[in-house]
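Q: My questions are about this predicted structure, shown below with the sequence.
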Amino acid sequence: MTAFRRKHLLGLEGLTRPELQHLLDTALSMRELLRQDVKKSSALRGRAVINLFFENSTRTRMSFEVAAKVLSADAYNVSASGSSAQKGETLVDTARNLDAMRPDIIVVRHWASGAAEMVARHTRAAVVNAGDGQHEHPTQGLLDALTLTERLGSLEGRRITIVGDVLHSRVARSNAFALSTLGAHVTFCGPPTLLPPSLAQLGVRLTHSLREAVSDADAVMMLRIQNERMDGAFLPGAREYSRTFGLGLRQMEWLRPDAVVLHPGPVNRGVELSPEVADGPRAVILPQVENGVAVRMAVLSLLAGHDPAQAAQEVA
Amino acid sequence: MTAASRFAIVGARVIDPDSGLDGERTVVVDAGRIVALETPGPLSADLPVVEARGQWLLPGFVDLHVHLREPGEEHKETIATGARSGAAGGFTTLVAMPNTKPVIDTAALVQFVLKKSAEAGYARVLPSAAITRGQKGESLAEFVELAEAGAVCFTDDGRPVANAGVMRRALEYSLLVGKPVMVHEEEPALSGGCMHEGDVSVRLGLKGIPGAAEDVMVHRDIALARLTGAHLHVAHISTAESVRAVREARARGIHVTAEATPHHFALTHEAVRGYDTHAKMSPPLREEEDRLAVLEGLADGTIDAIATDHAPHAVVDKEVDFDHAANGIVGLETALSLTLEAVRSGALPLHRALAALTSAPAGLFGLPYGRIAVGAAADLVLVDPAREWTFDVRRSYSKSRNSPFDGRRFTGQVMRTFVDGRQVHAVEG
């Protein structure tokens, strides 16, 4: 049987297909638990999970917190807003101090790329990257992969297009790694200022044409475009962006009838997605959120050394 | 024996890149000067002897570019600890950058550096002074008074001179004192990242600085050097395009010189993988193509000098996220060994490499050092070219520990260093 035996989850780059598959299978069984009336397992009883968030994030933090609590772990939320450097404590200091409190798992969200890896180097705890700067957001990549496999079945040979600010997107990177490893063909689409040619090294197709990018896709993932990109430096403005790279009812006609639309949230309604599309029948945005909790339960459980599949086998 | 003011070094292969001398000689030192270069044989007088068979005797190295942090950041380095670290690396002359706190932009501060250097008594530290007051890039510093006080060049290193008009006037005004203007070439509008922009930055999700940020400034300043006829010295050149531009400018007779750091010819942006903040510098580590172009530029003399850009930082400045980590590494104690690695790889002829550490940088700044000749200052280094050693940064003489070369195995080590005939470093054991 295939197990997930890594110490940390810092990114999806380098994970093997069996490892990814095992994470997704585990998440599916976790989702069953989540859907029960009594949402509680004692799997991680007595385990301490610290959610160390240097960046505001209601959804991701909440999702990790729910995941930990359903599994009976003790979850502690640390909001370290502002720069650790400005406060005079280095990130390494923070990591060492938290480590001294003997947590089993530290979940790190940080605005700097590489922050989770740095924390991992200085703690004994398992570290989960909950998004580091513009690098990776592995649990988001996993929840997207889970959502897609549910809608599409196997991802082998499937075409998945990611549209928007790919350059600054940790979601796009994690998805590219996971989806390609699972056999999908990934396309990145965006304006040249947000889609440097060197992104092709991730094994993806690059295009500046939304129509070309979406017309053969089985799924289209629209990335959130930050307002700060639309101040004239990267893009002339929201209006032109929406006209050129936004998905509205008119552009939806370019998609295959069975293609689905994803978004990592929160959606800028009227910019990358029109409200009709965001709330329409083709969007799978809320299932993504539910899968997010399931995936995080799977990750916490496996990193804590509790593999439900293995446990079931031993019982049998 | 080496406390004696008159002594002889015997048995060494003496290499003097300036004169082309390469062979066994007995070098006699008296009162801080080289007084005789004798062919091997019985000593002409009864002298204390330094036995150096199997070793190379080289002119003491000259580093045009070090940050010694004093005044203002003595927790990172002092002139004394930096000069001691330099001695351990074979350097006998160091040019200290003026981006201290306060910035070296007055005669009193220039004299302060010279006084601290004399008190320390290790490698000789020569001050450079700011191009603009406070390195603010606005108004010119007092070049004449600063040069009279002992500044050997003018530089706002650490930051570029963003305004082309200010740069033009600085080059023009430098003609009055005949000193080079050293430039940190980086267009601010293209910068703002924390590593080289390329495949690795895209993969790591780190904001990149394109090679073009350096290229456009090198092209601008070559045009201004041509306009003014002044001596432009490009610090820590790092891109293939910049090397090409300097080569072409020199061929056209424009007075442009350049230096390169060992890390820019030993490492590429691949070293940043894993977010090692010891691989963060300005200019950033570039691509393999750039690394090879720097070596080629050093080999053909387009790049005159090897300079370390020794940049000590405290642990707290490096143990932070990559975006906020300080730029730079300590470099004095690994420079020779990294240079010898490049020589062994075949990329750099030995004599050119040694010239780039000695006579070439001394010549650029008009310094009477970097050569072995009768009458010259007895600034000398003994190197064991075959000795294997491991660099342990915790044992460095620098106050700081920020090196990506910690634990690296090297072949070729500095065994002893003499400044003005005084032994200032010897390998223990």
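A: Sure thing, it's come through. Numbering: from 1, shown residues only, chains lettered A, B, ... in the order given.

Q: quick one, what contacts the residue nearest to residue A:283 when sequence neighbours are not counted?
A: Among residues not flanking residue A:283 along the chain, residue A:261 sits closest, at 4.8 Å (Cβ to Cβ, 6 or more residues apart in numbering or on different chains). For glycine as for every other residue, the C-beta is placed from the backbone atoms N, C-alpha and C. By Cβ atoms under 8 Å, 6 or more residues apart in numbering or on different chains, the contact set of residue A:261 is A:219-222, A:247, A:255, A:273, A:277, A:280, A:282-285.

Q: residue ranges with poor pLDDT in the stretch 301-429 of chain B?
A: Of all residues in the stretch 301-429 of chain B, those with pLDDT under 70 make up the ranges B:429.

Q: That one: helices as residue ranges?
A: Along the stretch 301-429 of chain B, the stretches classed as helices by DSSP state H, counting those that start in this stretch are B:315-318, B:335-344, B:350-357, B:359-364.

Q: Can you add distance to chain A and mean neighbour count and give those back as JSON lines?
A: Shown next, in JSON lines, are the helices of the stretch 301-429 of chain B (distance: least, Cβ to the nearest Cβ, whole Å; neighbours: other Cβ atoms under 10 Å in any protein chain shown):
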{"stretch": "helix B:315-318", "distance to chain A": "5", "mean neighbour count": "18"}
{"stretch": "helix B:335-344", "distance to chain A": "26", "mean neighbour count": "21"}
{"stretch": "helix B:350-357", "distance to chain A": "33", "mean neighbour count": "22"}
{"stretch": "helix B:359-364", "distance to chain A": "36", "mean neighbour count": "23"}
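
Q: List the residues that contact the residue of the stretch 101-250 of chain B found nearest chain A.
A: Scanning the stretch 101-250 of chain B for proximity to chain A using Cβ to the nearest Cβ identifies residue B:205 as nearest, at 3.3 Å. Applying Cβ under 8 Å, 6+ apart, we find residue B:205 in contact with A:113, A:132-136, A:170, A:173.

Q: Kindly state the domain boundaries assigned to the chain.
A: All of this is about chain A. Domains of chain A are assigned by automatic domain parsing as A:17-136+A:290-306, A:138-288.

Q: try again with chain B
A: Taking automatic domain parsing as the criterion, chain B consists of the domains B:6-57+B:376-426, B:60-364.

Q: Can you tell me which of those domains is most buried?
A: domain B:60-364 (a mean of 22; mean count of other Cβ atoms under 10 Å in any protein chain shown).

Q: Span of it from start to end?
A: Using Cα to Cα, to the nearest Å, the end-to-end distance of domain B:60-364 comes to 16 Å.

Q: For chain B, state which of the contacts of residue A:261 is nearest.
A: residue A:221 (17.6 Å).

Q: Now stretch A:127-136: buried residues?
A: Buried residues in stretch A:127-136, counted by 16 or more other Cβ atoms under 10 Å in any protein chain shown: A:127-136.

Q: Check stretch A:67-82 too.
A: A:67-71, A:73, A:75-76, A:80.

Q: Now for these: which two are most distant?
A: A:70 and A:80 (25.0 Å; Cβ to Cβ).

Q: Stretch A:110-121 - what's its average pLDDT?
A: What stretch A:110-121 shows for mean pLDDT is 94.

Q: List, one by one, the residues from chain B near chain A.
A: Chain B has residues B:197-199, B:202-207, B:274-275, B:316, B:319-324 near chain A, with proximity defined as Cβ under 8 Å from any Cβ of the partner chain.

Q: rewinding a little: gap between the residue nearest to residue A:283 and chain B?
A: 25 Å (Cβ to the nearest Cβ, to the nearest Å).

Q: Who does that residue form a beta bridge with?
A: residue A:220, residue A:283 (DSSP bridges).

Q: Name the nearest of the buried residues of stretch A:67-82 relative to chain B.
A: Proximity of the buried residues of stretch A:67-82 to chain B (Cβ to the nearest Cβ) peaks at residue A:80, which lies at 12.1 Å.

Q: Identify the residues contacting the closest one.
A: Applying Cβ under 8 Å, 6+ apart to residue A:80 gives the contacts A:52-54, A:94.

Q: got it, and residue A:291?
A: The contact partners of residue A:291, taken as Cβ under 8 Å, 6+ apart, are A:27, A:31, A:143, A:146-147, A:150.

Q: I'd like the next helix or strand past the helix or strand that contains it.
A: Assigned by DSSP states H and E, residue A:291 belongs to helix A:285-303. Following helix A:285-303 in sequence order, the next helix or strand is helix A:308-315 (DSSP H and E).

Q: Fine by me, thanks again.
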